[in-house]
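Novice: here are the coordinates; sequence isn't available:
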């Protein structure tokens, strides 16, 4: 099939009807179309003559493959292509950090759902039936599903490199330090899913000359392209990617899914091939948040000053590496929380198992440890008889302190301020149970309680995380700004490869361009690989890095505009040149309209923007690993039906430092969404595994919070400028997810007196049917019920 | 996902539906509101080759008084049961529970008959019909027959309906002032019940003359809380808490990803107590 059947490559203009500069609330360009069902997702891609791809996946988490027989599938009418590992033209493995994951499995499968063969057919049902005709001879092996088992010397090795995928050891101060007051605990975080609503989908179109165009929903076009080109054995320029409509990502689209598969099928069949996972397959088609078991010990003096933290973190990396190395490092560096900790010993381990590969998800290693360090801080407060917020304030890190990984805490680091803010926000009013709207009761509209057993609790947590890619990674973005005149009006074209995954990046790019160049009409071009990399839409980094690139490219264009003004009008203006309302001004005086100045040709500048460098950790886990840190604090108020274990989160209050508010509406959405994801981890969301198999690969059984589960979010936003970042902004996407989870669980402990050392918390635990008995009194300083019979800390 | 291909027939009457069922054998399925059948077809858990659409049998959409009973046509939508003044005044538990089925979309398309014939013990209605001692009218090639709710549900997704039979009407007793309650445990609105309890309490002279209690999702079929019912027969109203302690006796609910068997039994006890308390006060 020739390129004429390919989707149009003309550059549609986005956004001219959506004006606004930075700092102004602007609806997202994709918002209304999504609500109206008019937005084109990658799953909506179609072209005449296209084939449908489908993937044969292993039903076993661990097996040897003795043979794969595709003959019968190939003979089926309507089937155009059946491919296995033998057909991978280039590198047979892929991976962002470590290329250890087979494009299509040979000899071994290491997790349930691992791709073994792909098929292209003229109808999705034909493709699916062809998969059933492929005979795979497996020798089933016992799966290794417990990271602790994987760590043992005598456990069989899943990879030639062994089962330890990564270990990070941080030694800070005196690692043998002792203290008067010691608390310890073991904590566990279950496997959360990104649960984006748009399943993996894309379409590969062969160009007839050996190359391929791929239209795909992803987070990072260039890292996809490079991996595809390696496996197709093509030069990168013969693999061209264009971002298609993305239905959410949250980290789950950083790794490849069907990218190489669809390109292989399209090149083999000579026709466009569309692939689209269904919801169940999507659970097998992307990585998840790492489950983690954590052992902690905190030591403090009797006044509550932290003396040391010891932590041992064991992450389940699953079958392949994905971005586990970076998660392991991140978790290690943030394991103590945003506190001034003089001595620390952190051991962070990442293990290969036969569980699904785990990788990036919003919060990226900081989420797991925050649940543990915040629970420890509450325990310590309880033991000291201190208010938990007071303990945190006492130990809050400040600029100039040292992180446990040796870096100096930079300005601004408003840990104490955000804690004080959430503490000082008004509390939601207590409401009579009888006569209350059902939606504001535990159990909601199911109307299970008339007040029986309902108790209220309050909990606090604070967390932090790095922004952007760290530890020596060359993290950059590329932007091109073209300023020209169309129909007598100046217009800016913005081109980057930054993936809009729903975070609002397209709108932000337009706001920045409009702000810098004073031109109303802005068109943001589709992200594709015709321009250099923008890096990943992850790590809360695109506003900073691509925002910085767009700003820098605008500045370059502005410089050229001013040069041209000086060429034409001399340089005696009696005032600084500026651009506003489509004109060049000197002071308040209008020198020339851009429409006139650029009549005979526009200006285009392409730049690469880098933030300041970072450095890997040394053998003691020390180094200037990160370049920006973002902080948020949360207060949760919950009501628990103690007999049934049902929870209603009454309210979340949060304070977050964002450096500079770029788009208030977008920011509010990020904070609300992050809280929802944190609430999901606290109460509902877990991929349940049994013997290496996923038990709940559907949105019926994987419980995502709905609008009825989300409380009002009271928020205060600080704008403490980062002197190094564009406009002083900080990344905002992840912090809301990090400390909302422990705040909710702290509130549950306050209400029930139970320990709750694992998330998501199950109703069984709250009702006392499963897990530990009530052992502790509610936290001091809480507004929850104080019952005499709960006993006190042993 | 999209279901596999199927043929489609439109039934003009209940009798016609029975004839079509006879022609196509057990490869055929009746399509009523489609909110149980179509999802399982999309998941490939069912793959009927023929769907017989009974969605146009408007003469099976009714609520009527029939002496001391209410007669409800099988094609009556949940939302119509929920909002029927007659059902609300004479059999409040049914109107209330119909309003808890699924979400508004399901209630506007889904039918009472479809829900019962699907035979899912995790649905809210079967347990309530069991507690009501309802009767089901079934039309087949040999004419009509009536069967008690207690005999209708045979096993998981299996009912007493023969392949060429259609459920046409349900009859429930008027409650005549008996107290009632339905309590449903789910973790999110609109999810299936992890456990549900329907209770109907008749009182006389300050004591309980009878209690009828039906469970949702405590077995592969809807079941009654027999021990609690017996303990409450003729008992004082003060004995509810104690009687509810035996609510889960004799049950062996499944352990699955939603809840352990032990937790389901706990929920059954707590919800039974709460349902009885509410029924008593109503």
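Specialist: Okay, I see it. Values in this document were obtained by computation on a predicted structure and should not be read as measured data.

Novice: C-alpha from now on. contacts and neighbour counts both.
Specialist: Noted.

Novice: and residue 229, what element?
Specialist: Went with chain A since none was named. helix A:221-232 (DSSP states H and E).

Novice: ah, no, chain B please
Specialist: Here residue B:229 is assigned to helix B:226-232, by DSSP H and E.

Novice: hmm, whatever helix or strand comes next after that helix touching chain A?
Specialist: As assigned by DSSP H and E, the chain's next helix or strand after helix B:226-232 is helix B:240-244. No - Helix B:240-244 lies apart from chain A when judged by Cα under 8 Å from any Cα of the partner chain; the minimum separation is 13.0 Å.

Novice: Now helix B:240-244: buried residues?
Specialist: By 16 or more other Cα atoms under 10 Å in any protein chain shown, the buried positions in helix B:240-244 come out as B:240, B:241, B:243, B:244.

Novice: Other residues contacting it?
Specialist: B:227, B:228, B:229, B:231, B:232, B:269, B:270, B:272, B:273, B:276, B:277 (Cα atoms under 8 Å, 6 or more residues apart in numbering or on different chains).

Novice: Just the buried ones out of those, please.
Specialist: Buried members of the contacts of helix B:240-244, counted by 16+ other Cα under 10 Å: B:227, B:228, B:229, B:231, B:232, B:269, B:270, B:272, B:273, B:276, B:277.

Novice: the domain parsing of the chain - what is it?
Specialist: Assuming you mean chain A. Following automatic domain parsing, one finds the domains of chain A at A:43-141+A:199-246+A:253-285, A:376-425+A:436-470+A:627-765, A:476-610.

Novice: Actually, chain B is the one I wanted.
Specialist: According to automatic domain parsing, chain B comprises the domains B:7-53, B:63-173, B:181-281.

Novice: what's the first-to-last distance across the last one?
Specialist: Across domain B:181-281, the terminal residues are separated by 10 Å (Cα to Cα, to the nearest Å).

Novice: Checking the nearest residue to residue A:285 once chain neighbours are set aside next. Helix, strand or coil?
Specialist: Once flanking residues are discounted, residue A:285 sits nearest to residue A:257: 5.8 Å by Cα to Cα, 6 or more residues apart in numbering or on different chains. Three-state assignment for residue A:257 (DSSP: H, G, I helix; E, B strand; the rest coil): coil.

Novice: Switch the domains of chain B over to CSV; also include mean pLDDT.
Specialist: Below are the domains of chain B laid out as CSV (pLDDT from 0 to 100):
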stretch, mean pLDDT
domain B:7-53, 93
domain B:63-173, 97
domain B:181-281, 96
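
Novice: Now name the helix or strand holding residue 106.
Specialist: Looking at chain A here, since you left the chain open. Using DSSP H and E, residue A:106 falls outside every helix and strand.

Novice: My question was about chain B, not that one.
Specialist: helix B:104-109.

Novice: So which bits of that helix are buried?
Specialist: So helix B:104-109, judged by 16+ other Cα under 10 Å, has buried residues B:106, B:107, B:109.

Novice: do stretch A:41-58 as well
Specialist: For stretch A:41-58, a neighbour-count test (16+ other Cα under 10 Å) marks A:41-43, A:45-46, A:50-58 as buried.

Novice: Among those residues, which one lies nearest to residue A:631?
Specialist: Nearest to residue A:631 among those: residue A:41, at 33.1 Å, using Cα to Cα.

Novice: Disregarding residues adjacent in the polypeptide, which is nearest to the closest one?
Specialist: If the residues on either side of it in the chain are set aside, residue A:41 comes closest to residue A:245, at 3.9 Å by Cα to Cα, 6+ apart.

Novice: ok, for the residue in the stretch 51-200 of chain A that chain B sits nearest to, nearest residue in space, not its chain neighbours?
Specialist: Using Cα to the nearest Cα, the single residue of the stretch 51-200 of chain A nearest to chain B is residue A:125, 7.8 Å away. Sequence neighbours aside, residue B:4 is the residue nearest to residue A:125 in space, at 7.8 Å (criterion: Cα to Cα, 6+ apart).

Novice: Just put the buried residues of helix B:104-109 in JSON lines and tack on distance to residue A:115.
Specialist: Below are these laid out as JSON lines (distance: Cα to Cα, whole Å):
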{"residue": "B:106", "distance to residue A:115": "36"}
{"residue": "B:107", "distance to residue A:115": "40"}
{"residue": "B:109", "distance to residue A:115": "39"}
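
Novice: if we can go back for a sec, in a helix, the residue nearest to residue A:125, correct?
Specialist: No - secondary structure of residue B:4 (three-state DSSP): coil, not part of a helix.

Novice: show me where chain B has helices.
Specialist: B:14-24, B:37-42, B:78-83, B:85-90, B:92-98, B:104-109, B:112-118, B:124-131, B:149-152, B:226-232, B:240-244, B:261-281 (DSSP state H).

Novice: Give me whichever of those helices is most buried.
Specialist: The highest average neighbour count among the helices of chain B, using mean count of other Cα atoms under 10 Å in any protein chain shown, belongs to helix B:124-131 at a mean of 28.

Novice: do it and chain A meet at all?
Specialist: No - counting by Cα under 8 Å from any Cα, chain A is not contacted by helix B:124-131; separation bottoms out at 11.3 Å.

Novice: hmm, back to that, now, which of the buried residues of stretch A:41-58 sits nearest residue A:287?
Specialist: Top of the list for closeness to residue A:287, among the buried residues of stretch A:41-58 and by Cα to Cα, is residue A:57 at 15.1 Å.

Novice: mind checking how far the closest one is from residue A:79?
Specialist: Note on residue A:57: its distance to residue A:79, by Cα to Cα, is 18 Å.

Novice: Also residue A:625?
Specialist: Residue A:625 sits 51 Å away from residue A:79, taking Cα to Cα as the criterion.

Novice: Please apply the same query to residue A:561.
Specialist: Relative to residue A:79, and taking Cα to Cα, residue A:561 is found at 57 Å.

Novice: quick one, what contacts residue A:550?
Specialist: A:478, A:479, A:480, A:481, A:494, A:509, A:512, A:513.
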